[in-house]
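Enquirer: I need the structure of the sequence given here:
(one chain, ligands or ions: 1)
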Amino acid sequence: MGVLVRFDFAELPVRGALVRLDQAWLDWWQRLGLDGVERAMLGEATAALPLLAANLKFRGRMNLQMQGGAHLSLLVAQIDHQLQLRSMLQTTEGPVPGAWAQAVAGAQCAVLVDPESGMDRYQAIVEAGGASLAADIEGYFAQSEQLATRVWLASDEAVATGLLVQRLPGDSDDTDGFETVAMLADTLADGELLATEPDALLHRLFSTVGLRQHDTRDVTLTCRCSRERIGTLLLSLGEEDVEALLAEQGRVEAACEFCGRAYVYEADDARALFVAAQAEPPSQTKH
Ligand SMILES: [Zn+2]
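Expert: The predicted structure follows:
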């Protein structure tokens, strides 16, 4: 489990959020079998999503997606309004450079907001390739929401964590309050974000400027994949391709791209999917 703490200030037009994932993060990267630079990058992206979603006002999902980078071919982190989070990363051949700008050079990066109903989904392009993912996310807020924002992200094998401070919408005249809070947050020492529990950290940074801590919500790292969803995937491949796989391997094995969980369809099970689908055509209802 992880936590997302939201806060603001009695006298200053600034809001913020702090996320901390510990055991859940450890379980997640171990299941994905990541290490080194790749684990560090996924950790930061995973911690970034609860910060992006901290002030979401609707039911639905939010994605951060980067693809086609020189070394990072795909990075996806996804969260919903219940703060259920999942993330994955794929790299091209060879070692990934530790410098963020180099690793993501050439990547297309976007934030996709996908409300369940009542609103259209929208996508905002993020300029990738700044000094860090945190810097790229600051750029996203500046560009797409015109909100001055600072973000700090950190991860190691035990913790993925992040801090966001942001000028309140509609208070664009007051820059001093935001600068004050950002300056205090900039006193974070190397490793302090990783080493300190949320309550203690917020108190240390902001207790002198009227910190008001709000709700603390649980964040879970969990995958929504299921045997049923993989079955739908096989149906969409088509009977011919599935038969080709069966001829080659005797059965169909598919792994979830997020969590790596393996699903096996024996030949009879795979064929039964198509029989059932023909008996009962899929609903045309669009979700
Ligand atoms: Zn999964």
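Enquirer: near the ion, which residues of the stretch 101-250 of the chain show up?
Expert: By the criterion of Cβ under 5 Å from the ion, the positions of the stretch 101-250 of the chain lying close to the ion are 223, 225. Glycine gets a C-beta too; all of them are placed from N, C-alpha and C.
Enquirer: So which residues of the stretch 101-250 of the chain form helices?
Expert: Remark: helices assigned in the stretch 101-250 of the chain by DSSP state H, counting those that start in this stretch are 133-144, 176-185, 192-195, 198-206, 227-237, 239-249.
Enquirer: Tell me which residues are up against the fourth one.
Expert: The reference is to helix 198-206. 3, 5, 7, 9, 18, 20, 163, 181, 184-185, 187-188, 192-193, 196, 211, 213, 216 (Cβ atoms under 8 Å, 6 or more residues apart in numbering).
Enquirer: picking up where we left off before, any chance of TSV for the helices of the stretch 101-250 of the chain, columns mean neighbour count and mean pLDDT?
Expert: TSV is the format used below for the helices of the stretch 101-250 of the chain (neighbours: other Cβ atoms under 10 Å; pLDDT from 0 to 100):
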stretch	mean neighbour count	mean pLDDT
helix 133-144	20	92
helix 176-185	17	94
helix 192-195	16	96
helix 198-206	17	97
helix 227-237	14	89
helix 239-249	13	93
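Enquirer: next SSE after the helix or strand residue 7 falls within?
Expert: Assigned by DSSP states H and E, residue 7 belongs to strand 2-9. Note on strand 2-9: by DSSP H and E, the next helix or strand toward the C-terminus is strand 14-21.
Enquirer: got the angle between that next one and helix 176-185?
Expert: Here strand 14-21 points in a direction 30 degrees away from that of helix 176-185 (axes from the mean of the first three to the mean of the last three Cα atoms, to 10 degrees).
Enquirer: buried subset of the contacts of helix 198-206?
Expert: Those of the contacts of helix 198-206 that meet the buried threshold are 3, 5, 7, 9, 18, 20, 163, 181, 184-185, 188, 193, 196, 211, 213, by 16 or more other Cβ atoms under 10 Å.
Enquirer: Out of those, which is nearest to residue 276?
Expert: Looking at those and their distance to residue 276, the nearest is residue 3, at 42.4 Å (Cβ to Cβ).
Enquirer: Most proximal residue of the stretch 51-200 of the chain with respect to the ion?
Expert: Scanning the stretch 51-200 of the chain for proximity to the ion using Cβ to the ion identifies residue 86 as nearest, at 7.1 Å.
Enquirer: burial of that residue, as a residue count?
Expert: 21 (other Cβ atoms under 10 Å).
Enquirer: Take the helices of the stretch 101-250 of the chain and write them to CSV, including distance to residue 46.
Expert: Written out in CSV, the entries for the helices of the stretch 101-250 of the chain read as follows (distance: least, Cβ to Cβ, whole Å):
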stretch, distance to residue 46
helix 133-144, 11
helix 176-185, 20
helix 192-195, 14
helix 198-206, 16
helix 227-237, 21
helix 239-249, 32
